[in-house]
Structures are given as structure tokens and as C-alpha cells.
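Participant: would you be able to build a 3D model of this:
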Amino acid sequence: MTFPLADPKSLGYETAAVDAFLDRARAAFQGTDGSLTSADLRAAAFPLVKGGYVPADVDLAVDRLEDTFAERERESRIAQVGADAWNAEARELAQEILNRIGRAKGRRFRRSGLFGYGYNVADVDAFADRVHDFFTAGAHLSRSEVRATVFRPQLRGYDESQVDFLLDELVRVMLAVR
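Facilitator: Predicted structure coming up:
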């Protein structure tokens, strides 16, 4: 699979890294390599180089692959534990997310070190409010919006690893209840 190339002066994903990852994903999908999961696809990152593949096109393809892998994992897990247990697991994870974002604004996540940068607290809190509305009021929030969320940096902001983990778990819940 090839993607459009960015302008030679613009940054894009390194073609060899993308091609190697997608070859591995293809093998996993076809059943010859079971070492790749939807979580691996969600965490995929590629080096940026001038003239590489257009990132938006690659990201869209990887997102679709993630959806496909997640559906397979969902079906496999339901076959193992049953639909009721699967739904209970998804509800439990959703409740954990709600518990975290239900904390007071400015206190939802650990802060970065004294002289460290993290995610902008106001940005993350605003997004957390959207997630809360998604769960409690049925407000619209798509997986692609969650995947594409970017927060500004801030001195003493929220710890990036905690916020990123929550976003990954949110996508996992959204995939579970498709």
C-alpha cells in the first residue's frame, strides 16, 4: 500500500517505517503473525522526514486497521467470556474513566514536575467535560476526534502519560461498544 507523498520541503512519515509497519499489520491480519493488536495500532508512531507520506492519509489507514483489529478482538473475547461479561468489562472501564474525569477541574490528573511541561490544564479539562457529556448525556464524540485531540503544552501542566492513557482507554471503550 502506498500513500501520497508530502511536498519535498514538507514533513511526512518516513516511507520505510510506514511500509514495514503495514507489512507487519498485514501479516497479523492474515494470521501469520499474531503479535500485533489494536492497542499497537493505536500507539503507532512514525519518524517525520521531508517528503515522506502525507500523515493524514497514513493516520486514516491506521485508524481503519485499528477498528478492524478491535472488532476481531471484541468478537474473540465475546466468544471466550460471553456478551454479558464483555459488556460488564466495557461498563467497568467506562466507569473508571468517568471517575477520573469527575474530579474537580485542575485536579483530574497528576501534574508534571516543578520545571516540567505537561498538557495545558484548561485544554484537558475542557476535553474531559466533552467526554463526560458523551457518557452521561449522549453528546457526540467520535473516535477520530479522540485520536486527533491535541493539547497545548504548559509548565506544570497535566502529566502527559496519564492523559494519553485515558485517551487510549476511551478509544478502547468506544471500540468495545460499537
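
Participant: who's in contact with the closest residue to Leu5 other than its chain neighbours?
Facilitator: In space, and not counting its chain neighbours, Leu5 is closest to Gly51: 5.9 Å by C-beta to C-beta, 6 or more residues apart in numbering. C-betas here are computed from N, CA, C, even on glycine. Residues in contact with Gly51 (C-beta atoms under 8 Å, 6 or more residues apart in numbering) are Leu5, Ala6, Asp7, Pro8, Lys9, Ser10, Gly12.

Participant: in the host helix or strand of Glu66, what's buried?
Facilitator: Per DSSP states H and E: Glu66 is located in helix 55-81. For helix 55-81, the neighbour count (16 or more other C-beta atoms under 10 Å) marks 55, 57-59, 61-63, 65-67, 69-70, 73-74 as buried.

Participant: could you point out which element follows that helix?
Facilitator: Sequence-wise, the next helix or strand downstream of helix 55-81 (DSSP H and E) is helix 83-101.

Participant: what mean pLDDT does that next one have?
Facilitator: Mean per-residue pLDDT for helix 83-101: 91.

Participant: so what does it touch, helix or strand wise?
Facilitator: With contacts taken as 3 or more C-beta pairs under 8 Å, 6 or more residues apart in numbering; DSSP states H and E, helix 83-101 sits against helix 55-81, helix 121-137, helix 160-176.
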